[in-house]
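> model the following, please.
(2 chains)
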Amino acid sequence: MKNSNSKIEIGHGSGGRLTRELIEKVFLKHIASEELRPLEDAAYVHLKTHHSAITTDSYVVRPLFFPGGNIGKLSVCGTVNDLVVSGALPRYLSIGFILEEGFSVESLEDILQSIREAVQHAGVHIVTGDTKVVEKDKCDGMYINTTGFGEVVRTLHSDNVSDGDVVLVTGTIGDHGTAIAIARNEFDIKAPVASDCAPLNNLLTPLFDIEGLKWMRDPTRGGVATVLAELSGSTGFGIEVFEDQVPVREDVRFISDMLGYDPLYLANEGKALIIVSKDSTDKILDILKKHSLGQNAAIIGHITSDFRRVKLRTRIGGERLLDLLEEDLLPRIC
Amino acid sequence: MHKTKNIIKLIHSLVSDNRKIRIMNVCGSHEHTIAFSGMRTLMPENLEIIPGPGCPVCVCPESDIINAINLSTRDDVILVTYGDMLRVPTQKGSIRSQGKNFRMITSPFEAINIAKSNPDKKLVFFSIGFETTTAPTAGILEMGVPDNLFILSSHKLTPTIMEVLVKDAEIGIDGFIAPGHVSAIVGSNAWNVFSEKYGIPTVVAGFEAENLLLGILEILQQLKNGKAETSNVYKGVVKPEGNVQAQKIMNKYFEVSDVNWRGIGCIPASGLELREQYAERNARKVFELEDIKEAKIPGCICGTIVLGKAYPSACKLFKKACTPKTPKGPCMVSMEGSCNIWYKTLPAD
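Numbers count the residues shown, from 1 in each chain, chains lettered A, B, ... in the order given. Model prediction:
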């Protein structure tokens, strides 16, 4: 497997000698937690609380490598973030790979290296995994599934949300969607926009202690607008969002305008929407802004019982409806 | 924001309770800004801002799209066109659903590169749009294109369709917001006919909401003073004479012709076809394309919407059978189409 031209073969997914070789020489080189090492059929793990959270997600992003990350980093961050916005401390991950015959082992190692860095950064362990190989042209290089296990500190149901609560976002929106759009090379655009892909547990777990924290969600596919439309639908409250307070990078805004995207509907992979009570807003904003991932955190709107659905107050003071994402202009974003 | 508020206040002061004023925009990007900024929610009740024929994808004749689909099924052809065109529905499906060898391009220069890298194929560039996209197509012809590149021209002329609208009493236009990008090519002088001959205030505006508000204010002030002038609040980009060089090469390669507008019919002298001396580049002639009779889409009123005689929300199919995902008519497809824009920006209640 040392040859830099090595390719994945169908036999690497057979469960036999080649599989063993791939696991020992490639996977374990990068992912080697004490729980994983025995390579038994299941891993034994300890959770410190009786109340645990489980989440799963599959990653089919195209292209596999993009500015700011790759499918491996994404598969760790996405699942870690789903746990932390649910009020849980992420602890363990399972990871399943579907590899395409002919995929470069060198690229696989680059992705595994990113996975290692991301799990270290997030402080989680990969405890079990699986590898399957499909014939050439049956998948775009690789798909990954990760499942995450976390210890619940706070349950953050949308029932907690009430009239007068404040809507915060932890930073600029639309970076991931824009980075993927550029990376696809379908448009002749060069811009230094990188995906915001990052594990959010270090940023968000300090908020668990604050009583006014009501609800959180990472606005991935469908973006901020879709998440808020879903929240409004499930709670029955209206949400007013102020366009001029939503943080958007200048280049992201420019490229979105050019390509006809609305940053409010673009995917994020390292941001959270947070609903907090009015009197806890300053405290939470303060904590967020002290962290490198929360420097651009901002209040973008509020919850109201004056109307239903999500209303965007535009820069000129007009209003329009923000509904669920209708037309997926960027499929396979994560 | 303070300045914007003042402009809106002035707009309100210039619209009386007893007279309805109808201002039309003729540019999809203007309609986009107007709808996405929620501008209509800030306007006085008696002021209507009507989306007109500003979407080239919406008016592209069905016959040309079907011919494009058919060309793309030939093994010796690669068809290239702008992204939105791939999804426009016809009686034969869309280029994306029924075509075979087709690619999306964002600039005519890509067509040259694709033609060069596929010397054994005939590359057909399905070139659509108003003056804004005609200029770059003429530009590549002027630069010189490979022998295997052919143009299927479906270009349209903005001033001609605007004149058709003015003459239609049913529409009743009090003022025009002239298209910013088109004006950059044809120049603000191109609109003098509307103020001088028809007495309609016409203002060239840019694409920021504030700039459009200024344009609307200018029209209302002219109406108030009983004047009709062509003015320009997008001076940084649009010159009175326009882009003379672009006009020269457009005129060199294209000639005015009678063309069909989808859902509307044939409008004399409203389109551009390659001149006879460039017939060997003209896909319509080289491939002996024939006109296909347009099929009516049951329930669809895109033609009426394009002419400013109805709003998208008046269509029975709007938001029901016709959505951006399942477009029945052309105006639901493009980001510049009124139905597509209105679908995404309905008022909050």
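> tell me the residues of the stretch 101-250 of chain B that contact chain A?
B:M104, B:T106, B:S107, B:A209, B:E210, B:L213 (Cβ under 8 Å from any Cβ of the partner chain). Any C-beta I mention is one placed from the backbone N, CA and C, and that applies to glycine too.
> so what's residue 34 up against?
Picked chain A for this. A:E34 makes contacts with A:H125, as judged by Cβ atoms under 8 Å, 6 or more residues apart in numbering or on different chains.
> ah, I was thinking of chain B
B:I34 sits next to B:N25, B:R40, B:I49, B:P51, B:A209, B:L212 when contact means Cβ under 8 Å, 6+ apart.
> go again with 7 Å.
Taking Cβ atoms under 7 Å, 6 or more residues apart in numbering or on different chains as the criterion, B:I34 is in contact with B:N25, B:R40, B:I49, B:L212.
> isn't B:R275 up against B:N251?
No: under the criterion of Cβ atoms under 7 Å, B:R275 makes no contact with B:N251, lying 9.1 Å away.
> so which residue of chain B comes closest to chain A?
Chain A sits closest to B:G38 of chain B, with a gap of 2.5 Å, by Cβ to the nearest Cβ.
> domain-wise, how is the chain divided?
Using chain A. When chain A is parsed with automatic domain parsing, its domains come out as A:10-152, A:158-322.
> try chain B instead
With domains defined by automatic domain parsing, chain B comprises B:1-298, B:302-344.
> remind me which residues of the stretch 1-150 of chain B are low pLDDT?
Applying pLDDT under 70 to the stretch 1-150 of chain B flags the ranges B:1.
> that older thread, my guess is the residue of chain B closest to chain A meets A:G318, correct?
Yes: between B:G38 and A:G318 there is a contact under Cβ under 7 Å: 2.5 Å.
> quick check: neighbours shared by these two?
The contact sets of B:G38 and A:G318 do not overlap (Cβ under 7 Å, 6+ apart).
> in a markdown table, list the domains of chain B along with distance to A:E243.
Shown next, in a markdown table, are these (distance: least, Cβ to Cβ, whole Å):
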| stretch | distance to A:E243 |
| --- | --- |
| domain B:1-298 | 9 |
| domain B:302-344 | 15 |
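> please identify the most buried of these.
Highest mean neighbour count among the domains of chain B (mean count of other Cβ atoms under 10 Å in any protein chain shown): domain B:302-344, with a mean of 22.
> how long is it end to end?
17 Å (Cα to Cα, to the nearest Å).
> quick check: mean pLDDT of it?
Taken as a whole, domain B:302-344 carries a mean pLDDT of 94.
> contacts only, for the residue lying closest to B:I264 once chain neighbours are set aside.
Once flanking residues are discounted, B:I264 sits nearest to B:G303: 4.9 Å by Cβ to Cβ, 6 or more residues apart in numbering or on different chains. B:G303 is in contact with B:R262, B:G263, B:I264, counting by Cβ under 7 Å, 6+ apart.
> for B:I66, find the nearest of the domains of chain A.
Closest of those to B:I66 is domain A:158-322, at 25.8 Å (criterion: Cβ to Cβ).
> mind checking if the closest one is in reach of chain B?
Yes: Domain A:158-322 comes into contact with chain B (Cβ under 7 Å from any Cβ of the partner chain), by way of A:187-188, A:260, A:307, A:309, A:311, A:314-321.
> which of those residues sit farthest apart?
Among these, the pair separated by the greatest distance (Cβ to Cβ) is A:D188 and A:F307, at 42.9 Å.
> give me the more crowded residue out of these two.
Between A:D188 and A:F307, A:F307 has the larger neighbour count (other Cβ atoms under 10 Å in any protein chain shown), namely 15 against 9.
> my read: the more buried one touches A:G238, true?
Yes: A:F307 is within contact range of A:G238, at 4.1 Å (criterion: Cβ under 7 Å).
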